[in-house]
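**Student:** Just a sequence and a predicted model for now, questions to come.
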Amino acid sequence: MKEYKEGSIVVMKKQHPCGENRWEVIRTGIDIKLRCTKCDRIVMINRVDFEKRLKKVVE
Ligand SMILES: [Zn+2]
């Protein structure tokens with residue numbers, strides 16, 4: 001299992017429409033809240049889908 005926590009920067013398999021694929025983990029739980037590191041858009045994704053789409057944890 002990849003380790004991530006609030007504040008982690010993660011790379012997702014699918015990039016955001018703005019072209020960025022690095023996200024900051026804002027909140028963890030049943031749903032994961034992510035902020036795009038380029039356009040600051042915030043998205044919520046359920047944890048199972050998040051872990052499926054997670055490519056790697058950068059920091
Ligand atoms: Zn974006």
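**Tutor:** Everything's here; your move. Numbers count the residues shown, from 1 in each chain.
**Student:** Every contact and neighbour count from this point should use C-alpha atoms.
**Tutor:** Fine.
**Student:** Please enumerate the helices of the protein.
**Tutor:** Listed in chain order, the helices of the chain (DSSP state H) span 47-53.
**Student:** For the protein, which residues are neighbours of the ion?
**Tutor:** 16, 18, 36, 39 (CA under 5 Å from the ion).
**Student:** Quick one: buried ones out of the residues you listed?
**Tutor:** Buried members of those, counted by 16 or more other CA atoms under 10 Å: 16, 36.
**Student:** which one of the residues of the chain next to the ion is nearest residue 25?
**Tutor:** Closest approach to residue 25 among the residues of the chain next to the ion (CA to CA): residue 36, at 9.2 Å.
**Student:** Just list the residues touching the closest one, thanks.
**Tutor:** Shown in contact with residue 36 (CA atoms under 8 Å, 6 or more residues apart in numbering): 16, 20, 21, 22, 23, 24, 42.
**Student:** The residues you listed in strands, which ones?
**Tutor:** Using DSSP state E, 22, 23, 24, 42 are the members of the contacts of residue 36 that sit in strands.
**Student:** The last one and residue 32 touch, don't they?
**Tutor:** No: with contacts defined as CA atoms under 8 Å, residue 42 does not count as touching residue 32, sitting 10.4 Å away.
**Student:** neighbour count winner among the two?
**Tutor:** The residue with more neighbours, out of residue 42 and residue 32, is residue 32; 20 against 14, by other CA atoms under 10 Å.
**Student:** The more buried one: what's it in contact with?
**Tutor:** 25, 26, 44, 45, 46, 47, 50.
**Student:** Then residue 9?
**Tutor:** Residue 9 makes contacts with 22, 23, 24, 25, 57, 58, 59, as judged by CA under 8 Å, 6+ apart.
**Student:** Now for the residue nearest to residue 4 when sequence neighbours are not counted, how many residues are close by?
**Tutor:** Distances taken as CA to CA, 6 or more residues apart in numbering place residue 57 nearest to residue 4, at 6.5 Å, with adjacent residues excluded. Residue 57: 17 surrounding residues under other CA under 10 Å.
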